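[1] Predicted model follows, preceded by the sequence.
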Amino acid sequence: MQETIICNTGPIIALAGIQKLDVLKHIFGTVIIPEPVRIEILTGGKTLIGLDEFLKAGWLTVKELNQQPDPLLSNLLDQGEASVIHIAREMGIDRILMDERKGRRVAREIYGLKVTGTIRVLVEAKKAGLIENLEASIQEIRNSGYWIHDKIIQRALKESGADK
């Protein structure tokens, strides 16, 4: 793919939690996270899953917000999701990395952005030889408490040929 992508909190936590955060730098040329996303990751709840790996990822670019997101975004989505869409629009970047269904729908349907999810990243990583076992990586993410719908998993395994 080798393009710039704006990334939300969930994919960072999911991939860092299984020590696969670095696949992002191999698949995308530049990975940008808004400052509110960085703060969400650093304050990451009770478990702080993936925090060590995140802190080592000096290749991630953190971007400050120049202004507050559109009030529509702020009313519909959490601060991280809103800032991802806002910065993508502000920078003229048309692809974001986000897993939350509502945020993905708003990004696509209202703002015309292309949306990629964590599982798509893992499928691309498998195709590029960056991970050996797609199914095991997905299971590790689930075991860490990150929810992924069964249909998404089945589609990814089928596409990658791992369902055979």
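    Looks like it came in fine.
[2] Any stretches of this protein with poor pLDDT?
    Residues of the chain meeting the criterion pLDDT under 70: 1, 45-48, 162-164.
[3] Show me the strands in it, by range?
    Secondary structure of the chain (DSSP state E): strands at 4-7, 30-34, 61-63, 95-97, 114-116.
[4] strand partners of the longest one, parallel vs antiparallel please.
    Spelled out, that is strand 30-34. strand 4-7 (parallel), strand 61-63 (parallel) (DSSP bridges).
[5] Over to the last one?
    If you go by DSSP bridges, strand 114-116 pairs up with strand 95-97 (parallel).
[6] Determine the longest helix present in this structure.
    helix 79-91 (DSSP state H).
[7] and residue 100, how many neighbours does it have?
    Counted with other CB atoms under 10 Å, the neighbours of residue 100 add up to 17. C-beta: built from backbone N, CA, C; applies to glycine.
[8] distance of it from residue 33?
    Separation of residue 100 from residue 33 (CB to CB, to the nearest Å) stands at 15 Å.
[9] Need the strands of the chain in TSV (columns: distance to residue 130).
    Listed next are the strands of the chain as TSV, based on distance: least, CB to CB, whole Å:
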stretch	distance to residue 130
strand 4-7	16
strand 30-34	14
strand 61-63	20
strand 95-97	16
strand 114-116	15
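[10] could those strands be laid out in JSON lines, adding mean neighbour count and distance to residue 85?
    Listed next are these as JSON lines, based on neighbours: other CB atoms under 10 Å; distance: least, CB to CB, whole Å:
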{"stretch": "strand 4-7", "mean neighbour count": "24", "distance to residue 85": "8"}
{"stretch": "strand 30-34", "mean neighbour count": "22", "distance to residue 85": "9"}
{"stretch": "strand 61-63", "mean neighbour count": "13", "distance to residue 85": "13"}
{"stretch": "strand 95-97", "mean neighbour count": "23", "distance to residue 85": "7"}
{"stretch": "strand 114-116", "mean neighbour count": "18", "distance to residue 85": "10"}
